[in-house]
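Engineer: My questions concern the predicted model and sequence given below.
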Amino acid sequence: MRILVAYASLSGNTRDLARTVRTRCEALGHAVSWIETDIEGLATAGDDPHHDLYLLGAWTDNAGRTPPEMKRFIAELVAAVGKPEQLAVFGTGETQWGEEYYCGALRRMAAFFDSGYPRLEIEQMPHGERDALKIQRWTDDVLAIAGSAGGGAIGRVGNDIAGRGPAPDEPFPEKTIPHADPARRLA
Ligand SMILES: Cc1cc2nc3c(=O)[nH]c(=O)nc-3n(C[C@H](O)[C@H](O)[C@H](O)COP(=O)(O)O)c2cc1C
């Protein structure tokens, strides 16, 4: 598959995570377009902005917000290709900002795109075997879902990879999918 990985990172945690995701995708034979949204736009991905799968990564800003660089990139992406169905989000945050705001940008982004993919949330910088395994499993699951969707529709997986559901006041897709629920397998 042709995969676009775009991420926003202030101090490097999300960049580390994005690099690990990219390495896994490439190790499994996929072609990755790589965009650091803080300094690059969609044009970095080449002449054709269309990809088989979009992986968007972000840190979370004040009170659960999406960083402005990622918001700008999302506006550019939507103007170019619409809201892709095959889109998953990953990122880093800190629980010390409050459980309701932890990795809040990812919930907002997933809701905006009506993404049915599991979310990958990592606390601060990825470290240790546990995080490495979590990232590898998430990447493998997302690739498997996208591969079996073959560019077609997918629907809701009921929870994120960390076992936290969406906040009650948030919209979230209510479709079901024929695939096994990867979030449940990874819980
Ligand atoms: C001003 C500011 C506000 C933050 N607000 C939140 C927040 O609401 N929720 C959260 O989970 N993390 C929050 N964080 C923590 C960052 O998201 C976290 O440290 C992240 O790993 C940084 O990623 P980066 O190194 O890729 O920039 C905040 C950090 C800063 C500097």
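Structural biologist: Thanks, I have it. Numbers count the residues shown, from 1 in each chain.

Engineer: and the helix or strand where residue 77 lies, does that touch the ligand?
Structural biologist: According to DSSP states H and E, residue 77 maps onto helix 68-81. No. Interface with the ligand: helix 68-81 contributes nothing (Cβ under 6 Å from any ligand atom), its closest point being 10.4 Å away. For every residue, glycine as well, the C-beta is placed using N, CA and C.

Engineer: and residue 139, how many residues sit next to it?
Structural biologist: Residue 139 is surrounded by 23 other residues when neighbours are defined as other Cβ atoms under 10 Å.

Engineer: and if you look at residue 150?
Structural biologist: Burial of residue 150, expressed as a neighbour count using other Cβ under 10 Å, amounts to 9.

Engineer: and the residue of the chain at minimum distance from the ligand, how many neighbours?
Structural biologist: Using Cβ to the nearest ligand atom, the closest approach of the chain to the ligand is made by residue 93 at 2.4 Å. The local packing count at residue 93 equals 23, with neighbours defined by other Cβ under 10 Å.

Engineer: Bridged to it, which residues?
Structural biologist: Under DSSP bridges, the beta-bridge partners of residue 93 are residue 123.

Engineer: I figured it was touching residue 57, is that so?
Structural biologist: No. The criterion here is Cβ atoms under 8 Å, and residue 93 misses it with residue 57 at 11.6 Å.

Engineer: need the contact list for the residue nearest to residue 28 when sequence neighbours are not counted.
Structural biologist: On the basis of Cβ to Cβ, 6 or more residues apart in numbering, the spatially nearest residue to residue 28 that is not a chain neighbour turns out to be residue 143, at 6.4 Å. Residues touching residue 143, when contacts are defined by Cβ atoms under 8 Å, 6 or more residues apart in numbering, comprise 1, 25, 28, 30, 53.

Engineer: helix/strand/coil for the residue nearest in space to the middle of the chain?
Structural biologist: Here the mean C-alpha position of the chain is nearest to the C-alpha of residue 89 (Cα atoms, centre = their mean), at a distance of 1.3 Å. Classification of residue 89 into helix, strand or coil gives strand, according to DSSP: H, G, I helix; E, B strand; the rest coil.

Engineer: close enough to count as contact, it and residue 110?
Structural biologist: Yes. Counting by Cβ under 8 Å, residue 110 is a contact partner of residue 89 at 5.2 Å.

Engineer: tell me, what's touching those two both at once?
Structural biologist: Shared contacts of residue 89 and residue 110, defined by Cβ under 8 Å, 6+ apart, are found at 117, 119.

Engineer: Can you tell me which residues in this structure are near the ligand?
Structural biologist: Proximity of the chain to the ligand (Cβ under 6 Å from any ligand atom) is limited to residues 9-15, 59-64, 92-94, 97, 101-104, 124.

Engineer: Now go through these and say which are in strands.
Structural biologist: By the criterion of DSSP state E, membership of the residues of the chain next to the ligand in strands covers 59, 92-93.
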